[in-house]
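K.L.:
My questions are about this predicted structure, shown below with the sequence.
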Amino acid sequence: MTWKSALLMPGLVATVLTGIGAAGLQAQDAGKMDPGKMMEGATRMMQEGMKTMRQNSMKADGNAAAQKAAGNVDPRTYVELPPEIRARFLATMRGFMQTLDKVSGALAEGNFAEAARIAEDEMGPAHEMMKKLKKMQATPQQVAEIKKRARERFAQVVAESGDKVRPGIGRIAMQVLGKPLPGMKEHKRTAIGPHLPAAMHRMGIQLHLNAADFADVARKVGKQPTVEDYRKVLSAYQEITGMCVACHDAWRVF
Ligand code: HEC
């Protein structure tokens, strides 16, 4: 888990802030502020925070306790999902893997515009309604507006700390299109988000935001990509894969 993605976990945010604060106070005592020391303090507190968080999630999780008794220590928090939701969740995951593979392929060909398009349409904010929007012949302006407003809404949602996560992207689409998307009722019934713990849901939403950020970076690359361009694009790409890793480190559904 990278420090950036770890920061997304609410338990850690407080600990890190305390860590920076505590190190800062110590430095003040010594009569100087040392940014290196402050970050050191923050990192230490974060590591301790992650340890406590893991221990807490183990305590809260009877399944994990049973596993531990059996000698299998799995520090991830178990999330119970209804079987059909779990199947959809895992299918979505396999879809993300395919998307990453396609993005990698486009990058290998030096086709940055295509890499951006795939990441945004298959993994960006509002990605799950792209096919529907095409089918109902939404204009490119409408699609762009929905993507933009979904992204803004997602950014708000990950910044919130409550235990309810309600992105309301369907409502945004309805406002932009002037009519509801077909199959909204069906979508409500099969939506995965409402079944996820808020912290996990936010990590998923952050993944979509990182995909949109990647698309921005990839689109900026000109006709003659430089080494620096590749570096920036790969760094944005790692912000995507870092979210996959962070979430996989924290949760399990079996
Ligand atoms: C919101 C959290 C989250 C994010 C973000 C996430 N995953 Fe997952 N993923 C999971 C969980 C939980 C599982 C199930 C793991 C388990 O129970 O052992 C899983 C399982 C998978 C699987 C196995 C699917 C199967 O059929 O068993 C694949 C492949 C996968 N993820 C790929 C990805 C990729 C690629 C990304 C990033 C682009 C990603 N995931 C991002 C939570 C997440």
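P.N.:
Everything's here; your move.
K.L.:
Show me where the stretch 151-254 of the chain has its strands.
P.N.:
Ranges of strands in the stretch 151-254 of the chain, per DSSP state E, counting those that start in this stretch, are 251-252.
K.L.:
So which bits of it are right by the ligand?
P.N.:
Contact residues, the stretch 151-254 of the chain versus the ligand (CB under 6 Å from any ligand atom): 200, 203-204, 207, 240, 243-244, 247-248, 251-254. Every residue, glycine included, has its C-beta placed from N, CA and C.
K.L.:
change it to 8 Å
P.N.:
With CB under 8 Å from any ligand atom as the criterion, the stretch 151-254 of the chain comes near the ligand at residues 196, 200-201, 203-204, 206-207, 211, 240-241, 243-244, 246-248, 250-254.
K.L.:
Filter those down to just the ones in helices.
P.N.:
Among those, the members falling in helices (DSSP state H) are 200-201, 203-204, 206-207, 211, 240-241, 243-244, 246-248, 250.
K.L.:
isn't Val217 right next to Val233, touching?
P.N.:
Yes: with contact defined as CB atoms under 8 Å, Val217 and Val233 form a contacting pair (5.6 Å).
K.L.:
Dump the C-alpha coordinates for stretch 106-114 into PDB.
P.N.:
C-alpha atoms of stretch 106-114 as PDB (Å, rounded to 0.1, in the frame of the first residue of the first chain):
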ATOM      1  CA  ALA A 106      -2.200   1.100 -26.200                       C
ATOM      2  CA  LEU A 107       0.800   2.600 -24.300                       C
ATOM      3  CA  ALA A 108       3.100   0.000 -25.800                       C
ATOM      4  CA  GLU A 109       2.000   1.200 -29.300                       C
ATOM      5  CA  GLY A 110       2.500   4.800 -28.300                       C
ATOM      6  CA  ASN A 111      -1.200   5.400 -28.800                       C
ATOM      7  CA  PHE A 112      -1.800   7.800 -25.800                       C
ATOM      8  CA  ALA A 113      -5.100   9.100 -27.000                       C
ATOM      9  CA  GLU A 114      -6.500   5.500 -27.100                       C
END
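K.L.:
buried stuff in that stretch?
P.N.:
The neighbour-count check on stretch 106-114 (16 or more other CB atoms under 10 Å) flags 106-107, 112, 114 as buried.
K.L.:
ok, of those, which one's closest to Leu133?
P.N.:
Comparing those against Leu133 with CB to CB places Glu114 closest, at 19.4 Å.
K.L.:
Test my guess that the closest one contacts Ala106.
P.N.:
Yes: in this structure, Glu114 is within contact of Ala106 by CB under 8 Å, at 4.2 Å.
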